[in-house]
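Peer 1: starting from these lines, generate the structure:
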Amino acid sequence: MSAIARDRSTPSGGLDIARIAKTIYHSYYVRQVSKALFTVFFVTTLIFFLVRLMPQNPIENYVNDMVINEGKSRQEALDEAKAIFAIDLDAPLYTQYFDYLGKLFRGDMGISLLARGTPVSEIIKAVLPWTLFSVGTSLMISFTIGVFLGTIIAYRRDTALDPIVSGLSSLLSAIPGYLQAILIIVFLGVQFKINGKALVPIAQMRGAYTPGIVPAFTWVFFKDMLFHAALPIATYVLSSVGGWTLAMKSNTINTLGEDYVTVARSRGLSDRRIATAYVGRNALLPLVSRLAISIGFVIGGSTIIETYYVYPGIGKRLGGAVSQRDYPVMQGVFLMITFVVIFANLLADLLYSVLDPRIRIAGGE
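Peer 2: All right, here's what the predicted structure looks like:
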């Protein structure tokens, strides 16, 4: 019997369940997934009880409005509220809670108050892809540009390029995204004109795509979709590229001062080899987790920007739900944003451990 087999078996020849369980418990990947699942459970529970602890309970308000404004009986209003909020209002709170979790696990988030008969899950499915498209595209663009510029100015920090790029990056980072959206609309969409026409046709760029164009996997539809998403994407890029540039510059400068870089140079390795294999990879690692966190911040902060540009993403839908007190939609969108953020962070942690094995080794694996 090999040493590995003896190590994993008991003296009688059976498997050592305790040792296997201990190995699984100390596994980096198991612990990271467990943390993510616990966070999802905690936030889901928190949202459920927060809605019911509000000073003006939305469920009671809805029932009362139905009775007063639509002349329905109390029982009819309660029956409708049960369907809309996906819970049994007559049951004890703990029963409502477990019923809510069970329906949520099946994808049932209730029914919108405003769009009567429309499930919240269907509303989210309709708007989430547009936000993921604009946010995902903008993050890839800003991250790539920021990493490239940050690396360049770190290597040329003694030239005139450094203060120019660093100063512009600091300026862009200091201006909030919603303010940049206002400036784009005012100046490019109203003030600056050529032959009497605005530089940017703001009105034509509203919506997700031009009416009359059939959504399909074609170049025509993709080009039209990109045209309508151009302003949100541009705003996200402008508001985030400066941060990526400065972060990459700082990481690269710190990495250039490490001993292993000096040793690599003394071995006669080329500058390109050192820049890619030694400096670039290690300087880029800290930005991986930040990239995942940025996904959540951009999606959560897309409410104002999508509203300004009349872009039908999840941010605009959340803004409408908040202003019109569509609580089931608010609850569903908050949950969806939470899931996206947690999943993105989990993916970043797992990717980080692949790029830098020291992370999972230090974590106990």
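Peer 1: surely Gln32 meets Leu346?
Peer 2: Yes - if you go by Cβ atoms under 8 Å, Gln32 and Leu346 touch, sitting 6.1 Å apart. C-beta: built from backbone N, CA, C; applies to glycine.
Peer 1: anything in contact with each of those two?
Peer 2: Overlap between the contact sets of Gln32 and Leu346, as judged by Cβ atoms under 8 Å, 6 or more residues apart in numbering, is nil.
Peer 1: quick one: buried residues of stretch 172-179?
Peer 2: With burial defined by 16 or more other Cβ atoms under 10 Å, the residues of stretch 172-179 counted as buried are Leu172, Ser173, Gly177, Tyr178.
Peer 1: which element is the last one on?
Peer 2: Counting by DSSP states H and E, the element that carries Tyr178 is helix 177-183.
Peer 1: show me what that helix is packed up against.
Peer 2: helix 219-256, helix 302-309 (3 or more Cβ pairs under 8 Å, 6 or more residues apart in numbering; DSSP states H and E).
Peer 1: quick one: the strands in the chain?
Peer 2: Under the criterion DSSP state E, the chain contains strands at 193-194, 197-198.
Peer 1: how far does the helix holding Tyr178 sit from its chain's centre?
Peer 2: 20 Å (Cα atoms, centre = their mean, to the nearest Å).
Peer 1: what's the average pLDDT for that helix?
Peer 2: Helix 177-183 carries an average pLDDT of 90.
Peer 1: which one of the helices and strands packed on helix 177-183 lies nearest to Ile68?
Peer 2: Relative to Ile68, the nearest member of the helices and strands packed on helix 177-183 by Cβ to Cβ is helix 302-309, separated by 30.8 Å.
Peer 1: packing partners for the closest one?
Peer 2: Helices and strands touching helix 302-309, by 3+ Cβ pairs under 8 Å, 6+ apart, are helix 120-155, helix 177-183, helix 219-256, helix 314-323.
Peer 1: and these, which one averages the lowest pLDDT?
Peer 2: Taking the mean pLDDT of the helices and strands packed on helix 302-309, helix 314-323 comes last: a mean of 84.
Peer 1: still on that earlier bit, single out the most deeply packed of the helices and strands packed on helix 177-183.
Peer 2: Looking across the helices and strands packed on helix 177-183 with neighbours counted as mean count of other Cβ atoms under 10 Å, the highest average goes to helix 302-309: a mean of 22.
Peer 1: tell me how the chain divides into domains.
Peer 2: Using automatic domain parsing, the domain ranges for the chain come out as 1-38, 121-362.
Peer 1: tell me the pLDDT at Pro55?
Peer 2: pLDDT recorded at Pro55 is 62.
Peer 1: which positions within stretch 202-218 qualify as buried?
Peer 2: For stretch 202-218, a neighbour-count test (16+ other Cβ under 10 Å) marks Ile202, Met205, Ala208, Tyr209 as buried.
Peer 1: mind checking how far that stretch is from the chain centre?
Peer 2: With Cα atoms, centre = their mean, you get 24 Å for stretch 202-218.
Peer 1: other residues contacting that stretch?
Peer 2: In contact with stretch 202-218 (Cβ under 8 Å, 6+ apart) are residues 130, 185, 188-190, 220-221, 224-225, 227-231, 309-312.
Peer 1: how about that stretch as PDB, C-alpha atoms only?
Peer 2: Output in PDB follows, covering the C-alpha atoms of stretch 202-218 (Å, rounded to 0.1, in the frame of the first residue of the first chain):
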ATOM      1  CA  ILE A 202     -28.900  62.300 -26.900                       C
ATOM      2  CA  ALA A 203     -32.500  61.900 -27.800                       C
ATOM      3  CA  GLN A 204     -31.800  59.200 -30.500                       C
ATOM      4  CA  MET A 205     -29.600  57.200 -28.000                       C
ATOM      5  CA  ARG A 206     -32.400  56.600 -25.500                       C
ATOM      6  CA  GLY A 207     -33.500  53.100 -24.900                       C
ATOM      7  CA  ALA A 208     -31.600  49.800 -25.400                       C
ATOM      8  CA  TYR A 209     -32.100  49.600 -29.200                       C
ATOM      9  CA  THR A 210     -33.900  51.400 -32.000                       C
ATOM     10  CA  PRO A 211     -37.600  50.600 -32.300                       C
ATOM     11  CA  GLY A 212     -38.200  48.400 -35.400                       C
ATOM     12  CA  ILE A 213     -34.900  46.500 -35.100                       C
ATOM     13  CA  VAL A 214     -35.400  42.900 -34.200                       C
ATOM     14  CA  PRO A 215     -33.100  41.600 -31.400                       C
ATOM     15  CA  ALA A 216     -30.900  38.900 -32.900                       C
ATOM     16  CA  PHE A 217     -27.300  37.800 -33.000                       C
ATOM     17  CA  THR A 218     -26.500  40.000 -36.000                       C
END
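Peer 1: that stretch - what's its average pLDDT?
Peer 2: On average, the pLDDT along stretch 202-218 is 88.
Peer 1: now swap in stretch 101-110 and tell me
Peer 2: Stretch 101-110 comes out at a mean pLDDT of 84.
Peer 1: any idea how far apart the tips of that stretch sit?
Peer 2: 12 Å (Cα to Cα, to the nearest Å).
Peer 1: pull out the buried positions in stretch 134-146.
Peer 2: For stretch 134-146, by 16+ other Cβ under 10 Å, it's Ser134, Val135, Thr137, Ser138, Leu139, Ile141, Ser142, Phe143, Ile145, Gly146.
Peer 1: as CSV, these with distance to Arg265 would be great.
Peer 2: Formatted as CSV, the buried residues of stretch 134-146 follow (distance: Cβ to Cβ, whole Å):
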residue, distance to Arg265
Ser134, 43
Val135, 40
Thr137, 38
Ser138, 37
Leu139, 34
Ile141, 33
Ser142, 31
Phe143, 28
Ile145, 28
Gly146, 26
